[in-house]
Each structure stands twice: as C-alpha cells, then as structure tokens.
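In: predicted model follows, preceded by the sequence.
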Amino acid sequence: MVNQHSLFATLIWILLSGLSLTVNADPIASIDRSVIAIDDTLTLTIRVNKAGSFDSPDLSALQTNFDVLGSSQRSRHIIRNGQSESWTDWVINLAPKRQGQLTIPAIEVDGEKTQAITINVQPRVPVAEGVQQPVYLESEVDKESVYIQQQVILTVRIFQSIQLDNMNISEPDFDNAAIKKLSQNSFQRRINNQLYQVHELRYAIFPQQAGELTIPELIFSANEAVTRQSIFDLAQTGKRLRKMTEQHTVTVKSPPTTNTTIWLPAQSLHLTESWSTDLQNIHVGDSITRTITTTATGLLDSQLPPQQFKPIAGAKFYPDQGSAETSVSDQGVVSTRTDSVAIIPTQAGKLELPAMTIDWWNTEQNKLQQAVIPAQTLHIAPALANSQSTSTPLAINHSGDGLLPSETALGTAAGEPLTDSNDVTLWQLVSAVLALLWLATLLLWWRTKTVTSIAEAAPLKPTASTLSEKQAYKQLVVACRSNDVLAARHAIIAWARSFWPETNIQSLQDIQQHCQQHPLSNALMQLDNTLYGNNIDSSQWNGESLITIINTLKLEKNNHKKTTEKTLPPLYHN
C-alpha cells in the first residue's frame, strides 16, 4: 500500500510546482548598456521567471540590426526566506551593424513576447597615435560645469588585449562630494583590427560646495598572465602592470538666486498621489490614508525633502514615517520618496485639501520649475449610524403582565379579546403563535447575552494579563486583517490593557471612556454595531481602518522617540 503521508507530500509538491510555473512567467529582456560604440559588443539577457524545458528563442529578428556572436542558456532554482524562486536565462552577445538608434525587437519565448528595446550606437571611438597598447585606461566626465549637488557621471574604461591576473582599481573618494557607484560592465571592442576586452565602471558624483571639484587619478594594477607549458610547471607571477586615469576638474557653481528654501537640481521631478479607499464614500470618523510619492532623476534619496502635511479644519492628520530609496543604472540615479498620512474627518461637509508643491531646478532646461498635486475637495458624509440603541441586545418586558411590546401592539393592551369568546380554536392558535414568538425572543436574548459575556470576559490565550503590548498588537493586527469581528473585539481589549496598564480596562466602553473624543471611540462603536446591530452584515467590516487608528495612537504616544529625517549633509539652503 502506498504510504499516505508520502502521497500527500507528493501532491503538495506538485501543486506548489504548478503554482511556481504560473507566477511572473512573462519573459523580460534587458541589456548591459544603452549607449555603445559601433565597434562594441552588447549583452542581451532574456529571462523567464520559471524553470523548465524551453525551446531556444528565435533570434532571427535580431539579424536585421545585429550580428549574433553567440548565446548560452542557464537555469536556477533557489529558496529565499521560505519562498521558492526559479528562472531561466538566455545570454546573447550582439554586435551592431550600423550607427544610430537601433531596436532590439520583441522576441517570443514560450508563447509570450519580450518588450522591444532601443539602443544608441555611436561612431567609432578615435584613438590617438601611440595610445593603443596591450593595456591602457581612459576616463571621462559627462559635464565640465554643474551646480552644487547636481549629478556628474564619471566613466572609467580599462582596455586589455592580453590576459591579466590580479586586476585591481582604486575607487574615487572625496571630502566635498557624495558618490554612488552606478554600474560595472564588460564587453569587447575592436580597435585597428585588434580585439580588446573592455571593463567599464560608472560613478555618480554630487559636489557639495562651490568652486573647483578635482576628480583624482584612479590607479589600476594587474599582472600579465603567464602561460604554463605543462601541468607540471609551477605557477608563476607575470610582469606587474600599473596604469592611471587622467585627472578631471569640474566647475561647481552656486545656485541661481531663487525664492526656494531647498535646492533640488534634477533632470526631472514629479509628484503622484494615491488613496487607500474610494474618495466618493467617506464618512465622519473614517480613517483614509493619503500617500504622496516624489520621483526624481539625478538626485539621491537623501536629497528629497519630506512632505509637510499641514493640519486643516475639519480633520485630524496623523503623518507616518516616510521612506526613500535610490535605484541606479548606467545613465544615473533615480530616487523615490514616499510619505503617508492618515486623515480622519471630524465633521461632515467639504474638506478642502491644499495643493502639494515642490520647487526644483531643471538641469536640462536650466530653469526653475514646480511639481504640483492640485488642490482638491473631499465630500464628507455624516457618520454611519452608531447609537448605543442599535448595539444593545433585544429587551424583554418584565412589567409583570407576561406580554411583550409586540403583543401589546396586537391589541391586548385594550383589554379586548383577540377573538370571539366562542371561537376557542382561533384563540388557541393565536396563543400558540405568541408563545413561539416569546420563546424565540428569549432564545435570541440569551444568545446575545452569551456572546456579549464571552466578548467581555473570555480570556485570550495567552491571557491578556501575560501579553506584552507587542504581542497584543500582533494579535490585534491578525484579527483585523482577517476581518474577524469577534476576534478583533477580544484583541482590542487585550491590547488596550497592555497599552494603558495604569487604566482599569475591562470592556469596549472603558476604552471609549478613556479615549473620549478620539477617532478610536467611533471606530469601536462601529465595531460593536457590526457585531450586535440590527440588519448589519459583519462580512462588510474591514479591519484596516482600525489598524490605522491604532497605529496613530502608538505614533502619538511615542512621538518624542521618532528619529529625525536623514539628510545629505550639508544640504544647500539659500
């Protein structure tokens, strides 16, 4: 008999393997450089984010603009942080057939196509008499004059027509400039019928003070490779080589006179915004998150200023800690900064959000520009019904007459019989119906009281008294993100006990009394309504809003511990 555990494990493996084959399967094409010389070679990589057996891609379309010098295929499968990743690469070496803008067309792999890529093929690079040697270096900067903090790209190339060992090159270093390494590529270039292996390094440099910026010589060292005549020969070290790049001087100018408080010289800069919810359906007490993203080409992430969310009437603002990152390519740096704020409307009507602006200097057009998110108006609806009357259990009439309000409404309060005294059958039927209604009401009251008792008194595991604030917060987040209303009610009480240990909190009402006018009070009332209210669908409750409010509470309590925004010292101010 087949072992059931082995069979189950095999089925799970097949399922996971099948899933891995369907995720991110579209092929992606990339190149090592977007600007080359007519005598250079270019490396094209086509990647499929899955492993398997594939037919080699049809490269015939490349032959219009390129000579295909060779190709290879490689596959890899790794497990990173518990996640399985697989991919297959085809690495293709190309040589351009002509100068100008050439297109690498879309190439089909496994029924899907890559995107087309355009490259710039420049004329043959001139070589001065006497420069061409078995090993030599060249370097260049893309600008000879820039403003403070404007990007300068330094390119260094190492040419070799012989085999070398132990290659090493120094890195540029400055006291008055920031530097970011962009790329390191290798390719072939034919010069005067001699084939060279070329190693190209690019750096982005950001001067921090006006005057002359000197880019010092970089020192390259290596040993000539010695060919062994037989396997019995001892390893030998060849002749030691030492080469240097030329020194470069860049003029760094002070910013032009502007009215801006911060200086941002960039090739491009723009603002975008996104919202966590539909702006057409916002009520008083709702928590909505606004995210502003700043994207700049030619600036480091540390140069991008944080967004200032100024308070306005009719809403409370709770800014989050911003984040920033820089990505690199051979063309320079592109940085993004993301700033978020939780907005909680406090009154119905129009909520006027002012325009968001950033002044920046366009280094391509040499003029001051402004990135703008226009002002906008949000229409805030009144708060959803959240009165205590809708959240209390159904009541029973204990006046002593044994009748419920619904029975009184049927006419018994007037003392008149429901039927004729001689019509016993009808009277008995009505009595039976009323008795059933009375029993149903008792049952509903008992179930509601039981749920309320559990929600208020049932201990969590581990018990609330043993939970740290961090543990209680994690349980609360899990319950909210699962949209589990009852579990969230448990968890918010346990969290509040650990968050305010000096306060005796046993119920939602205790939390509401402690918070008073804070948006958390409205959120808890809505939570209670969802659980016990009439005609309310608990499946429509979304816990993300509650998480946002809790996060703002934590942020308020720990506000004095917030770290200051990192900046690129020294930032230039007028």
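Out: Structure received. Residues are numbered from 1 along each chain as shown.
In: phi, psi for Ile547 please.
Out: Comment: the main-chain dihedrals of Ile547 come out as phi -60, psi -40, following degrees, to the nearest 10.
In: helix or strand: which one has the spatially closest residue to it that is not a sequence neighbour?
Out: Spatial nearest neighbour of Ile547, chain neighbours left out: Cys480 (5.0 Å); criterion: CB to CB, 6 or more residues apart in numbering. Glycine gets a C-beta too; all of them are placed from N, C-alpha and C. With elements delineated by DSSP states H and E, Cys480 resides in helix 469-481, which encompasses its position.
In: go on, Arg76?
Out: Using DSSP H and E, Arg76 falls within strand 66-80.
In: now the helices for the stretch 301-450 of the chain?
Out: For the stretch 301-450 of the chain, helices defined by DSSP state H, counting those that start in this stretch occupy the ranges 405-409, 424-457.
In: comparing those helices, which yields the minimum mean pLDDT?
Out: Summarising mean pLDDT across those, the least confident stretch is helix 405-409, with a mean of 36.
In: ok, Val152 to Pro255 distance?
Out: Note on Val152: its distance to Pro255, by CB to CB, to the nearest Å, is 16 Å.
In: more neighbours, those two?
Out: Each of Val152 and Pro255 has its neighbours counted (other CB atoms under 10 Å); Val152 has more, 24 against 19.
In: coming back round to it: buried residues in the helix holding Cys480, which are they?
Out: Glu469, Gln471, Ala472, Tyr473, Gln475, Leu476, Val477, Ala479, Cys480 (16 or more other CB atoms under 10 Å).
In: equivalent analysis for stretch 44-61, please.
Out: For stretch 44-61, the buried set under the neighbour-count rule, 16+ other CB under 10 Å, comprises Leu44, Ile46, Arg47, Val48, Asn49, Lys50, Ala51, Pro57, Leu59.
In: tell me which element the closest residue in space to Ser274 that isn't next to it in sequence falls in.
Out: In space, and not counting its chain neighbours, Ser274 is closest to Thr291: 4.8 Å by CB to CB, 6+ apart. With the criterion set as DSSP H and E, the secondary-structure element containing Thr291 is strand 288-297.
In: what about that strand, distance to the chain center?
Out: Relative to its chain's centre, strand 288-297 lies at 11 Å (CA atoms, centre = their mean, to the nearest Å).
In: same question for stretch 467-477.
Out: Going by CA atoms, centre = their mean, the spacing between the C-alpha centre of stretch 467-477 and its chain's C-alpha centre is 24 Å.
In: ok, the closest residue to Gln209 other than its chain neighbours to Ala210 distance?
Out: Nearest residue to Gln209, sequence neighbours excluded (CB to CB, 6+ apart): Asn176, at 5.1 Å. Summarising the geometry, the distance separating Asn176 from Ala210, computed by CB to CB, is 10 Å.
In: got it, and Ile153?
Out: Using CB to CB, one obtains 20 Å as the distance from Ile153 to Ala210.
In: more neighbours: which of the two?
Out: Ile153 (18 against 15).
In: mind listing what the more buried one touches?
Out: Shown here is Ile153, whose contacts under the criterion CB atoms under 8 Å, 6 or more residues apart in numbering are Val141, Asp142, Lys143, Leu182, Arg202, Tyr203, Ala204, Ile205, Gln331, Gly332.
In: now, among those, which is nearest to Ile162?
Out: In terms of CB to CB, no member of the contacts of Ile153 lies closer to Ile162 than Arg202, at 24.6 Å.
In: partners of that closest one in the sheet?
Out: Note on Arg202: beta-bridge partners by DSSP bridges are Thr155, Ser183.
In: just checking, it touches Thr155?
Out: Yes - under the criterion of CB atoms under 8 Å, Arg202 makes contact with Thr155 at 5.2 Å.
In: these two: who's more crowded?
Out: When neighbours are counted by other CB under 10 Å, Arg202 and Thr155 differ, and Arg202 comes out ahead with 22 against 16.
In: list the contacts for the more buried one?
Out: The neighbours of Arg202, taking CB under 8 Å, 6+ apart as the test, are Ile153, Leu154, Thr155, Val156, Lys181, Leu182, Ser183, Gln184, Asp330.
In: go again using 6 Å as the cut-off
Out: Contacts here follow CB atoms under 6 Å, 6 or more residues apart in numbering; on that basis Arg202 touches Thr155, Leu182, Ser183, Asp330.
In: of the residues you listed, closest to Asn193?
Out: Checking the contacts of Arg202 against Asn193 by CB to CB gives Thr155 as the nearest, at 24.8 Å.
In: can you tell me the closest non-neighbouring residue to Tyr473?
Out: Closest residue to Tyr473 in three dimensions, ignoring its sequence neighbours and counting by CB to CB, 6+ apart: Trp495, at 5.7 Å.
In: I'd assumed the one you found was in a helix, is it?
Out: Yes - the secondary structure assignment for Trp495 places it in a helix, going by DSSP: H, G, I helix; E, B strand; the rest coil.
In: and the gap between it and Leu531?
Out: According to CB to CB, Trp495 stands 17 Å off from Leu531.
In: neighbour count winner among the two?
Out: Using other CB under 10 Å as the criterion, Trp495 and Leu531 rank with Trp495 on top: 28 against 20.
In: the more buried one against Lys474, yeah?
Out: No - here Trp495 lies out of contact with Lys474, judged by CB atoms under 6 Å, at a distance of 9.4 Å.
In: OK, contacts around the residue nearest to Ile547?
Out: For Cys480, the residues meeting the contact criterion (CB under 6 Å, 6+ apart) are Ala488, Gly543, Leu546, Ile547.
In: next, count neighbours for Val121.
Out: Using other CB under 10 Å, Val121 is surrounded by 20 other residues.
In: go ahead and confirm it touches Gln99.
Out: Yes - using CB under 6 Å, Val121 makes contact with Gln99 at a distance of 5.0 Å.
In: tell me, what's touching these two both at once?
Out: Shared contacts of Val121 and Gln99, defined by CB under 6 Å, 6+ apart, comprise Ile38.
In: now the strands for the stretch 251-400 of the chain?
Out: Counting by DSSP state E, counting those that start in this stretch, the stretch 251-400 of the chain forms strands over residues 265-266, 268-275, 282-283, 288-297, 315-319, 323-329, 332-345, 349-353, 356-362, 367-373, 376-381, given from the N-terminal end onward.
In: quick check: which ranges of the stretch 301-450 of the chain have low pLDDT?
Out: When residues are selected by pLDDT under 70, those of the stretch 301-450 of the chain lie in 385-428, 430-431, 433, 441-442, 444-450.
In: at 80 what do you get?
Out: Low-confidence regions of the stretch 301-450 of the chain, defined by pLDDT under 80, span residues 330, 385-450.
In: okay, which residue is most central for the protein?
Out: The centroid of the chain falls nearest to Thr338 when counting by CA atoms, centre = their mean (8.8 Å).
In: who's in contact with stretch 185-193?
Out: Defining contact as CB under 6 Å, 6+ apart, one finds that stretch 185-193 is touched by Asp32, Arg33, Asp39, Asp40, Thr41, Val127, Tyr196, Val198, His199, Glu200.
In: out of these, which sit inside strands?
Out: Using DSSP state E, the members of those that fall in strands are Tyr196, Val198, His199, Glu200.
In: can you redo these as TSV with distance to Thr272 and pLDDT?
Out: Formatted as TSV, the entries for the ones in strands among the contacts of stretch 185-193 read as follows, by distance: CB to CB, whole Å; pLDDT from 0 to 100:
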residue	distance to Thr272	pLDDT
Tyr196	45	93
Val198	39	95
His199	38	95
Glu200	34	95
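In: drop anything exposed from those residues.
Out: Applying the neighbour count, that is 16+ other CB under 10 Å, the buried entries in the ones in strands among the contacts of stretch 185-193 are Tyr196, Val198, His199, Glu200.
In: so what's the second one up against?
Out: Contact criterion CB under 6 Å, 6+ apart gives Arg157, Phe159, Phe187, Arg189 as the residues in contact with Val198.
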